[in-house]
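Chemist: sequence and predicted structure, then a few things I'm wondering about:
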Amino acid sequence: MDTAGLTGARGLRQITSRGGLITYSIFSMTAYQASSASPLGIPLRRAAAISVLASTAIVVAGVALSAPLPAIAAAWGGVALAAWCGALLTACSTLAGYCSLGLAQWKVGSWFLLWCGLTEGLATINWEPWRSGVTAQILPSSVVRAEWLTAVAVTAWAAAYCSNPGRTAVAAYARFMHSIAGQRSDTVRGPMVPWLLYAAGTGARLIGAILAGRLGYAANAVVTVHSASWYQQALSLASFACPLAITVAGLRAFRERAVGARATLTFLFAAEIAAAAVMGQKGQFVTAVIAVAIARASAGRGMPRGLILSAAIFFLLLVIPFTIAYRAEVRGGPADLTPRAAVAVAPAVAGAAANAVSAGTITESVGYLEQRLQEISGPAIVLQKTPSQVPYASLARIPETLAADLVPRALWPGKPILDPGYQFSQEYYGTPAALVTAAAITPEADLYRYGGWVPMLAGMLALGWLMRAADQSLNVRASPQAALLIVLLWPVLATPEGTFTGIMLALPSVTLTWLAVISVTFRRQRAPC
């Protein structure tokens, strides 16, 4: 390792504690309650927080520009970007009239800014220029450029979110959502609804596993990028009934306080954790926790700090170590294990992971999670290779992709398989075709590939308006139907890791799934005479 690398490492360690202070300042504000201050004190507190965070971002950005090494500049840039996202989060939530920064109300725009500050800001502080793997080819100078790109992108997003230019369209969308919710009662049909929904989702998962010969992420996914069947999308959408069943059980437990509802919620939550384990999907565990939290929010309760803290500890101690060991066990032999064999070995792997828990387990899991959440890699590699090595893509590809996806595969058997992460890894990282990876791209990096700054700014403005429309129209505390839609929209809009077109393509499917589930969950109300 050269002297510059050692100096960079020391600099990264020196500023990690400062990054922790920024983390504390952002997360501590989520506990803020509007009722705890006078009407005049609220804007003053928000204004002070915006000023402090924005000033911090500007000062630290200046330090990054004057840093002697790109690695040091990248680390300081991560702190500046996190502070800037915190300032935008506070400003947007204030102008929109949200309490608790909109996080406890599950506004996707607030969570989007928090996600950007965490994954593209704070997670970048410990960027290692000598790291191994495909990201080793990313230069620290490209990371610095990517931080500036992200700062401009989230600023454009925030400008559209706050200005809300399409008021007429937003009002029309709000009326549409109100008409849908108004046709349905606010009470779940009965105690069997969560069970029926979860059974339907589980059935879709089992049928998909049998037909595909693989179970979730527990086997090599290379077959999924080379072949596809007309029924796969339908089964995938049907599987969303499982987390929605947890939300419905939570609505009955927290909102309606129905007899036996808490027992149902506990059982279905535990079943989803077990299903996430045997499918090797860490994200499924997170979705289950979010489903419970949104159900609580629909009952007018705040952020479930105890649940989130317990889930975070369990995630670090068991979920991450188990998933890593389980996937290695399933894929480690001459051939991948069948779904039945994978399920059979899961208990032994879980037992070994539980017995191996120690004080160092959390440290190892945090290190893994830190690398997994460093989404600045996507914008960095795009800026590094576009257009010098990878030419700009044609803007016409965006409407072409959107139009092609609307055609069912049953009518177009030869429709190209859309897997942006797989194609992105090959194009930008040079990964072999036999390796299927979940490379994060981010919307701003994807938009930049279509011509640079202008498409990126236009797309981020569109996303800002879209999320404001969703947040203005959906109130989880007023409508249980909105709570179900937020569960589906949260991974698409609040924590986007894919492409801009991927977000646009997911919205129609999410809407159709939601309409189908609420028709089963809530009775249609009779029109007044």
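Modeler: Ah, there it is. Small disclaimer: the values here were computed from a predicted structure and weren't measured.
Chemist: for this structure, longest strand please?
Modeler: Counting residues, the longest strand found in the chain (DSSP state E) is strand 184-188.
Chemist: pull out the buried residues from it.
Modeler: Buried positions in strand 184-188, judged by neighbour count with 16 or more other C-beta atoms under 10 Å: Arg184, Ser185, Val188. For the C-beta atoms, the positions are set from N, CA and C on the backbone; glycine is no exception.
Chemist: tell me where the stretch 351-500 of the chain has strands.
Modeler: For the stretch 351-500 of the chain, strands defined by DSSP state E, counting those that start in this stretch do not occur.
Chemist: mind showing which ranges of it have poor pLDDT?
Modeler: 434-439 (pLDDT under 70).
Chemist: if we use 80, what do you get?
Modeler: 406, 408-419, 421-422, 432-440 (pLDDT under 80).
Chemist: same deal with the chain?
Modeler: 1-43, 127-134, 164-183, 212-231, 331-337, 406, 408-419, 421-422, 432-440, 525-529.
Chemist: quick one, what contacts Ala253?
Modeler: Ala261, Arg262, Thr264, Leu265, Ala295 (C-beta atoms under 8 Å, 6 or more residues apart in numbering).
Chemist: grab the nearest non-local neighbour of the third one.
Modeler: Same thing as Thr264. Nearest residue to Thr264, sequence neighbours excluded (C-beta to C-beta, 6 or more residues apart in numbering): Ala249, at 4.8 Å.
Chemist: try the second one
Modeler: With C-beta to C-beta, 6+ apart as the criterion, Arg262 has its nearest non-adjacent residue at 4.7 Å, and that residue is Ala253.
Chemist: gap between Gln525 and Ala483?
Modeler: 18 Å (C-beta to C-beta, to the nearest Å).
Chemist: comparing those two, which shows the higher neighbour count?
Modeler: Ala483 (27 against 11; other C-beta atoms under 10 Å).
Chemist: check contacts around the more buried one.
Modeler: Trp106, Thr247, Leu251, Ile294, Ala295, Ala297, Ser298, Val476.
Chemist: and if you look at Pro194?
Modeler: Counting by C-beta under 8 Å, 6+ apart, Pro194 has contacts Val188, Ala245, Ile246, Val248, Ala249, Arg252, Thr264, Leu265, Leu268.
Chemist: do Ala404 as well
Modeler: Ala404 neighbours (C-beta under 8 Å, 6+ apart): Trp412, Lys415, Pro416.
Chemist: ok, Ile362 next?
Modeler: So Ile362 contacts Ile313, Leu316, Leu317 (C-beta under 8 Å, 6+ apart).
Chemist: one more time with 10 Å, if that's ok
Modeler: When contacts are counted by C-beta atoms under 10 Å, 6 or more residues apart in numbering, Ile362 touches Ala312, Ile313, Leu316, Leu317, Ile320, Pro321.
Chemist: just the buried residues from the contacts of Ala253, in PyMOL please.
Modeler: In PyMOL, a selection of the buried entries from the contacts of Ala253 looks like this (16+ other C-beta under 10 Å):
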select buried, resi 261+264+265+295
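Chemist: want to throw the contacts of Ala253 into CSV with distance to Ser239?
Modeler: Formatted as CSV, the contacts of Ala253 follow (distance: C-beta to C-beta, whole Å):
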residue, distance to Ser239
Ala261, 23
Arg262, 25
Thr264, 20
Leu265, 19
Ala295, 19
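Chemist: nearest to Ala82, out of the contacts of Ala253: which one, please.
Modeler: Checking these against Ala82 by C-beta to C-beta gives Ala295 as the nearest, at 30.0 Å.
Chemist: my read: the closest one touches Gly250, true?
Modeler: Yes: using C-beta atoms under 10 Å, Ala295 is in contact with Gly250, at 2.5 Å.
Chemist: any residues in contact with both of these two?
Modeler: Common neighbours of Ala295 and Gly250, counting by C-beta under 10 Å, 6+ apart, are Leu265, Pro480, Ala483, Val487.
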